[in-house]
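Novice: fold the following for me, if possible:
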Amino acid sequence: MTWDALAGRDDRCGDASLPRRPLAGATKGRDVQRLEQAGSEASDTDCVALAVGGDTRAFEQLYRRHVGRVFGLCLRLVDGDRARAEQHTQDAFVRAWEKLASFRGDAQFSTWLHRLTVNLVLGEHRLLKRWVTFDETPGDTDDGSGDAALGEHPQQRAGERLDLERALAKLPKGARTVLMLYDVEGYAHEEIAELTGIAVGTSKAQLHRARRLMREMLS
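Specialist: Down below sits the predicted model:
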């Protein structure tokens, strides 16, 4: 996905005030000159400050700097569906442009952007279709018995996957979010706390709750 693809979306989104690439030869203010002189060394904080003031060059730099990580995050959250991941990535940067003035600098811009992305994806797609591994069940081993437990035949595995997806959908939102971020995405509790705005202890408690509920529903 390119910057031009993002910048050209406002014909579909009405008055979303999406960023467009500035016209070549446009008059450059002092802030824009400073950004160009700093180049790739300009901090995210500086770029945000300029972008809030309407400088689309600064937002383009933020986009190019973070689009890879955001796309990767979306790709994992939608089970490798590249088309959906690209759409979510575009939506995330549109949302970031609209809400940029709300960024206060209490956390890194990347953390703020990833939190916004996670909330967007999880909010619009309440069920993420992904196998989840539970490591708290007593007697778990790596002797291959787990494969047999999951079913040896395609039809059986398909049925068990459907059961898993239904169980995931029944989890409370907070518990499901932590479960997906920890067991599927591989985030640490400290990272989940930053992404979702909850305490580390709450993240751990939600994970324990989610796993317990999943075992009860799947038993």
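Novice: what sits against His66?
Specialist: His66 is in contact with 109-110, 113, counting by Cβ atoms under 8 Å, 6 or more residues apart in numbering. The C-beta positions use only the backbone N, C-alpha and C, and glycine is treated the same way.
Novice: drop anything exposed from those residues.
Specialist: 109, 113 (16 or more other Cβ atoms under 10 Å).
Novice: and the contacts of His66, which of them are in helices?
Specialist: Secondary structure defined by DSSP state H assigns 109-110, 113 of the contacts of His66 to helices.
Novice: could you dump those residues into JSON lines and include distance to Arg69 and pLDDT?
Specialist: Formatted as JSON lines, these follow (distance: Cβ to Cβ, whole Å; pLDDT from 0 to 100):
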{"residue": "Phe109", "distance to Arg69": "11", "pLDDT": "93"}
{"residue": "Ser110", "distance to Arg69": "7", "pLDDT": "90"}
{"residue": "Leu113", "distance to Arg69": "8", "pLDDT": "92"}
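Novice: could you measure Gly105 against Ile198, distance?
Specialist: 20 Å (Cβ to Cβ, to the nearest Å).
Novice: from Val121, how far off is the closest residue to Val78 other than its chain neighbours?
Specialist: Leaving aside its chain neighbours, Val78 sits nearest to Arg84 (4.4 Å; criterion: Cβ to Cβ, 6 or more residues apart in numbering). Distance, Arg84 to Val121, by Cβ to Cβ: 9 Å.
Novice: any idea how far Val48 is from Val94?
Specialist: 16 Å.
Novice: give me the neighbour count for the nearest residue to Leu75 once chain neighbours are set aside.
Specialist: In space, and not counting its chain neighbours, Leu75 is closest to Ala85: 4.0 Å by Cβ to Cβ, 6+ apart. When neighbours are defined as other Cβ atoms under 10 Å, Ala85 has 22 of them.
Novice: which parts of the helix or strand hosting Ala85 are buried?
Specialist: For Ala85, the element it lies in under DSSP states H and E is helix 82-99. For helix 82-99, the neighbour count (16+ other Cβ under 10 Å) marks 84-86, 88-97 as buried.
Novice: kindly report the same for stretch 57-65.
Specialist: Buried-residue list, stretch 57-65, by 16+ other Cβ under 10 Å: 57-63.
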